[in-house]
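A.B. asks: turn this into a model:
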Amino acid sequence: QVQLVESGGGVVQAGDSLRLACAASGRAMSSYAMGWFRQVPGKERMFLATISRPGGNTRYADSMSGRALISRDNTKNALYLHVNSVGPEDTGVYYCAASGGSYYFPESYEYWGQGTQVTVSL
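C.D. replies: Residues are numbered from 1 along each chain as shown. The predicted structure follows:
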């Protein structure tokens, strides 16, 4: 089983970039497809981006397409998310997640970090 810890949250100015990291421990992260999700109060957790085990395949939500990059370094057991031009709609708790199944299906993610709060200020 894998344990996940997110970092990099905080207050970000609208228009700036956001960079999040996720550290994996326990079972090697290379065994899992990985993803980033976001949740705001009163709403379900939503898929943002996912990446296959070796990192060659990615999938993005429409809201992230063209301004986000998900990447991973299996040698460091680390997952990253970089988002450009953030806006107030990017505010929320960001979660790192791992899946023993396909990277492509958000519903397959079964291991979750505790989340890191990101607040975008105007």
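A.B. asks: what bridges to the residue most central in space within the chain?
C.D. replies: For the chain, the residue nearest the mean C-alpha position is Trp36 (2.1 Å; Cα atoms, centre = their mean). Taking DSSP bridges, one finds Ala49, Cys96 as the beta-bridge partners of Trp36.
A.B. asks: against Val2, how distant is Val40?
C.D. replies: 25 Å (Cβ to Cβ, to the nearest Å). The C-beta positions use only the backbone N, C-alpha and C, and glycine is treated the same way.
A.B. asks: ugh, wrong one, I meant Ser99
C.D. replies: For Ser99, the distance to Val2 - Cβ to Cβ - is 10 Å.
A.B. asks: what do those two both touch?
C.D. replies: Residues touching both Ser99 and Val2 (Cβ atoms under 8 Å, 6 or more residues apart in numbering) are Tyr32, Tyr111.
A.B. asks: hmm, back to that, who has more neighbours out of Val40 and Val2?
C.D. replies: Val2 (19 against 13; other Cβ atoms under 10 Å).
A.B. asks: the nearest residue to Gln13 once chain neighbours are set aside: neighbouring residues, count only.
C.D. replies: Closest residue to Gln13 apart from its sequence neighbours, by Cβ to Cβ, 6 or more residues apart in numbering: Ser121 at 6.0 Å. Neighbour count of Ser121, defined by other Cβ under 10 Å: 11.
A.B. asks: one more: Leu20?
C.D. replies: So Leu20, with other Cβ under 10 Å, has 21 neighbours.
A.B. asks: host element of it?
C.D. replies: strand 18-26 (DSSP states H and E).
A.B. asks: can I get that strand in CSV, CA atoms only?
C.D. replies: Output in CSV follows, covering the C-alpha atoms of strand 18-26 (Å, rounded to 0.1, in the frame of the first residue of the first chain):
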residue,chain,number,x,y,z
LEU,A,18,0.7,27.0,-8.8
ARG,A,19,3.1,24.1,-8.2
LEU,A,20,2.1,21.2,-6.0
ALA,A,21,4.1,18.1,-5.1
CYS,A,22,3.1,14.8,-3.7
ALA,A,23,5.5,12.4,-1.9
ALA,A,24,4.8,8.7,-1.9
SER,A,25,6.0,6.2,0.6
GLY,A,26,5.4,2.6,1.3
